[in-house]
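Novice: Next come a sequence and a model predicted from it.
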Amino acid sequence: MKGTHPNIIKDILSAQLAKPGGKLSAAICFLLNIFVAAAMLVSVFQGDTRHVLACLKVLILLMIPWLVEWKLKIELSTVFITGVQVFMYAAIILGELDSYYLKYPFWDNMLHTISGFLCAYVGFMLVKLIFGQKIDSKAYINPIYIAVFAFCLSMTISVMWEFYEFGMDSLCNRDMQKDTIIHTIKSVKLNQEEHSLTVLKDVTNVTIDGTNYNLGGYLDIGLYDTMGDLFFNLVGTFVFCTIGYFDIKKD
């Protein structure tokens with residue numbers, strides 16, 4: 001019967017395989033699903049409910065780009081779809097479950113740079129969706145406006161994500177804003193009588209409630225992580241928007 005789930009799945013797969021690079025994209029998605037399913041199976045045997053739920057979430061997220069494309073009747077780049085799927089796997093499975101954020105300091109920065117690319121692409125596609133083929137004509141819309149819109153959208157998404165991280169840390173006792181060890185403190189609070197700036201250099205440890213933690217420096221609990229995330233998202237967004245601008249202008 002028309003509209004049944006098997007037919008929907010068949011239509012989605014057929015549409016993906018028919019696109020340039022669709023077979024490779026589908027193969028990568030299939031492998032990612034196998035990896036996530038294997039991780040979920042291990043978590044089940046270990047009795048780790050949180051990891052099992054995280055794996056289920058990833059399995060759903062891997063299908064979202066295909067469902068969005070099918071539901072909205074738009075065509076997304078296979079590179080974008082694969083990028084989103086790999087990003088989800090790298091951020092949640094490798095980053096959170098396998099602790100890549102702690103093992104590899106560059107992991108978080110790399111993902112935020114990639115997210116800048118992906119979110120900027122969404123901005124370009126939204127303009128395409130709203131204006132249709134008119135996007136290709138300078139008589140209707142200037143490429144610089146498209147690039148600026150995509151840039152602002154990507155940065156707004158990045159800021160909202162940082163709000164989400166702060167909210168989870170504040171309300172749910174999480175540590176999404178990873179701590180940073182710093183060695184210099186600049187504060188007027190430490191010199192209130194003169195209301196001047198106090199600079200402490202070569203800070204090597206921190207004491208909390210009488211307990212001395214030999215961390216090698218002062219423990220910053222989120223500011224540096226947040227600003228670093230925004231910066232790397234800015235880099236990815238700017239690079240993609242620049243490329244997108246010249247690409248549209250050329251065409």
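Specialist: Ah, there it is.
Novice: How much space separates K189 from L197?
Specialist: 10 Å (Cβ to Cβ, to the nearest Å). For every residue, glycine as well, the C-beta is placed using N, CA and C.
Novice: of the two, who's got more company?
Specialist: Each of K189 and L197 has its neighbours counted (other Cβ atoms under 10 Å); L197 has more, 10 against 7.
Novice: what residues are up against the more buried one?
Specialist: For L197, the contacting residues are K186, S187, V188, N191, by Cβ atoms under 8 Å, 6 or more residues apart in numbering.
Novice: and what of L72?
Specialist: Residues in contact with L72, defined by Cβ under 8 Å, 6+ apart, are L129.
Novice: in which helix or strand would I find the most centrally placed residue in the chain?
Specialist: What sits nearest the mean C-alpha location of the chain, by Cα atoms, centre = their mean, is S115, with 4.3 Å. Take DSSP states H and E as the rule and S115 turns out to sit in helix 106-131.
Novice: Just give me the neighbour total for the nearest residue to the residue nearest to the centre of the chain once chain neighbours are set aside.
Specialist: Sequence neighbours aside, N233 is the residue nearest to S115 in space, at 5.9 Å (criterion: Cβ to Cβ, 6 or more residues apart in numbering). Residues near N233, counting by other Cβ under 10 Å, number 27.
Novice: what comes up buried for the strand or helix carrying N233?
Specialist: N233 belongs to helix 223-250 when elements are defined using DSSP H and E. For helix 223-250, burial by neighbour count (16 or more other Cβ atoms under 10 Å) applies to 225-226, 229-230, 232-234, 236-238, 240-241, 244-245, 248.
Novice: how does the protein divide into domains?
Specialist: Split into domains by automatic domain parsing, the chain comes to 1-98, 102-177+222-251, 180-220.
Novice: where in the stretch 51-200 of the chain is pLDDT low?
Specialist: In the predicted model, the stretch 51-200 of the chain carries pLDDT under 70 at residues 132-140, 194.
Novice: Where do the helices of it begin and end?
Specialist: 78-88, 100-103, 106-131, 143-171 (DSSP state H, counting those that start in this stretch).
Novice: and those helices as CSV, adding distance to M40?
Specialist: Listed next are the helices of the stretch 51-200 of the chain as CSV, based on distance: least, Cβ to Cβ, whole Å:
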stretch, distance to M40
helix 78-88, 14
helix 100-103, 18
helix 106-131, 21
helix 143-171, 22
